[in-house]
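Student: Got a sequence here, can you build the structure:
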Amino acid sequence: MLKQYIKKYCAQLPVRAVIFSLLFFCSGYFSADYALAEKNINFSSWPHEESDLKPDPSVIYGRLTNGFRYILMKNHEPKDRVNIRLNVQAGSMQEEDGEEGLAHYLEHILFCGSTHFDPGELVKYFQDMGMQFGPDANAHTGFYETVYDILLPDGEKESLDKGLLIVEDFAGGALLLDSEVERERKVVIAEKRSRDSSSYRTIVSTMKFKFPDATVSRRFPIGE
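Tutor: Down below sits the predicted model:
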């Protein structure tokens, strides 16, 4: 049944090199991104396809005809809930000079108006489903990925349909309205200000000291 849902909602999405994971997906944070940042990574294949390590046999890997990839895994915790993660294999390392922070900005804007949701509607949509924006619906941007995370209240057909409709818009339905781009600017600036701690500044300074000529030291996702 889950495969049918994936094919229904994702077969026509204008997305390249995307991982769709249902119930379970592990994505990296700063340390993992540092290790990957300067490597030539093949995002069109699964890691285990280029390794002698065998994947967990309980995990189902699939690829649609348009190249859209997905992972399915049954998980008993949290009980009777479904976790959908859309992993777009693009982040701050795909930015050019002068575009610093653009990938992270786009992550924000995708919540601010799309094909099926006008600006401001998505939060109420989550609430009507019994979800909270933040704990149950969120996103993050890394050096090589942007991940949209939705934790559905249950695994019923109605919830899956609604959750996958959101994913469809995240993947290819952003309106990118000028008014929302400008409004979200204040939110992004506030987030950047909240991260401006001594520990974060230490990380940035260390990266620039250790890798002064590496692009990664100038591509922190939050931007300049």
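Student: Every contact and neighbour count from this point should use C-alpha atoms.
Tutor: OK.
Student: for the chain, what's the longest helix?
Tutor: Counting residues, the longest helix found in the chain (DSSP state H) is helix 178-195.
Student: Return the set of buried residues in that helix.
Tutor: 180, 181, 184, 188 (16 or more other C-alpha atoms under 10 Å).
Student: Contacts only, for the residue positioned nearest the centre of the chain.
Tutor: Note on the chain: the residue nearest the mean C-alpha position is residue 147, at 1.1 Å, using C-alpha atoms, centre = their mean. By C-alpha atoms under 8 Å, 6 or more residues apart in numbering, residue 147 lies in contact with 85, 86, 87, 88, 139, 140, 141.
Student: go with 6 Å
Tutor: Contact partners of residue 147, counting by C-alpha atoms under 6 Å, 6 or more residues apart in numbering, are 86, 87, 139, 140.
Student: My assumption is that the first one lies in a helix; please confirm.
Tutor: No. In this structure, residue 86 is strand, not part of a helix, as judged by DSSP: H, G, I helix; E, B strand; the rest coil.
Student: so it touches residue 148, yeah?
Tutor: Yes. With contact defined as C-alpha atoms under 6 Å, residue 86 counts as touching residue 148 (5.1 Å).
Student: tally of neighbours for residue 77?
Tutor: Residue 77 has 10 neighbours, counted by other C-alpha atoms under 10 Å.
Student: how close does it get to residue 151?
Tutor: Separation of residue 77 from residue 151 (C-alpha to C-alpha, to the nearest Å) stands at 12 Å.
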